[in-house]
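Peer 1: Compute the structure for the input listed below.
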Amino acid sequence: MHHRISDTELARFIDEDVPYGDLTTMLLGIGCEAGTITFTTRDRTVVCCTEEAGRILETCGARVALSIASGTAVEPGTVILQAEGNAAALHEGWKVALNLLEYASGIATRTQAIVGRARSTNPDIVIVATRKSFPGTRKVAMKAITAGGALPHRLGLSESILVFSQHTAFLGGLDRFLDMLPALRKRAPEQKIVVEADTPPEALSIAKAGADVVQVDKMPVHELSSLVADIRRNCPGVRISAAGGINAENAAEYAATGIDIIVLSSLYFGKPANISAVIDTKPKP
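Peer 2: Numbers count the residues shown, from 1 in each chain. Model (predicted):
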């Protein structure tokens, strides 16, 4: 189930590209001519934001004739979205819809690849994406990573407890924080408490103190394997997540350590999906 990006957000995307109308189409006098726009994949693609791209075209005055659902993996040469309308509507929505499709589908495709590689060595592992998406694009990014089979790590600072060394520095250090952990749990009984460790000894101390999840950052695979064994032996109920520098090339290796969660940002960065957009005139009856 993928969330719906609001019409207000989509209107902002359109206004960014067409703030005062389409000067070229207006001067050429072709705005009333009937046509179609067809979006086709050039590579294997996990489709995302076809629903929003279609609504963008409809907002501009076109009518969607075909749309493949977000999260669908398709082969090269697949038509994923098609709309009909006059030239003014098609040209107004063309690039806005295409950019949204290419960026979102690029993230979704990378996500599915990483999820697949990680689960090849650890079928139960969960892939979660950080909040390092480019400002203003988080709703699109979250739809894209879920379309690819991942989940959000944090949607923002307001709904989750994740304690870093940058927090504990203001409390007098990690040990002082761990002394406070039972009181923190009483104040937020519905929340999971995630604490990041800088070293394996810190991670074991955090686990023994009763954190729900111990998160490690940029820990080499051989160290992580040993740490997982120690935590499983001493604190079997504690979950372990790893973040920092994990990507498609090493996701399977990290997953094989036995961790529960991979936290990454690399999903957001890379080439957009390669999707063609063709506008044709519609034959007159």
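Peer 1: partner residues bridging residue 216?
Peer 2: Residues in a beta bridge with residue 216, per DSSP bridges, are residue 197, residue 242.
Peer 1: Pull the contacting residues for it.
Peer 2: Shown in contact with residue 216 (CB atoms under 8 Å, 6 or more residues apart in numbering): 196-197, 200, 203, 224, 227, 240-244. (C-beta placed from N, C-alpha, C; glycine too.)
Peer 1: Read off the pLDDT value for it.
Peer 2: Looking at residue 216, its pLDDT reads 97.
Peer 1: Over to residue 284?
Peer 2: 62.
Peer 1: so residue 83 makes contact with residue 64?
Peer 2: Yes - using CB atoms under 8 Å, residue 83 is in contact with residue 64, at 5.0 Å.
Peer 1: if you count what's nearby, which of these two comes out ahead?
Peer 2: With neighbours defined as other CB atoms under 10 Å, residue 83 and residue 64 compare such that residue 83 has more, 28 against 17.
Peer 1: ok, residue 162 - contacts?
Peer 2: By CB under 8 Å, 6+ apart, residue 162 lies in contact with 154, 194-196, 215.
Peer 1: Please, which helix or strand holds it?
Peer 2: strand 161-163 (DSSP states H and E).
Peer 1: Tell me which residues of whichever helix or strand comes after that strand come out buried.
Peer 2: Once the chain leaves strand 161-163, the next helix or strand it forms, by DSSP H and E, is helix 165-168. Neighbour-count burial for helix 165-168 flags residue 168 (criterion: 16 or more other CB atoms under 10 Å).
Peer 1: ok, now stretch 259-269?
Peer 2: So stretch 259-269, judged by 16+ other CB under 10 Å, has buried residues 259-268.
Peer 1: can I get the CA coordinates of that stretch in PDB?
Peer 2: Only the C-alpha atoms of stretch 259-269 are listed here, as PDB (Å, rounded to 0.1, in the frame of the first residue of the first chain):
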ATOM      1  CA  ILE A 259      21.700  -8.100  11.700                       C
ATOM      2  CA  ASP A 260      18.000  -7.300  11.700                       C
ATOM      3  CA  ILE A 261      17.900  -4.000   9.900                       C
ATOM      4  CA  ILE A 262      20.000  -2.200   7.200                       C
ATOM      5  CA  VAL A 263      19.700   1.600   7.300                       C
ATOM      6  CA  LEU A 264      20.800   3.400   4.200                       C
ATOM      7  CA  SER A 265      20.700   6.600   2.200                       C
ATOM      8  CA  SER A 266      22.200   5.300  -1.100                       C
ATOM      9  CA  LEU A 267      18.800   4.500  -2.500                       C
ATOM     10  CA  TYR A 268      18.300   8.200  -3.200                       C
ATOM     11  CA  PHE A 269      21.400   8.800  -5.100                       C
END
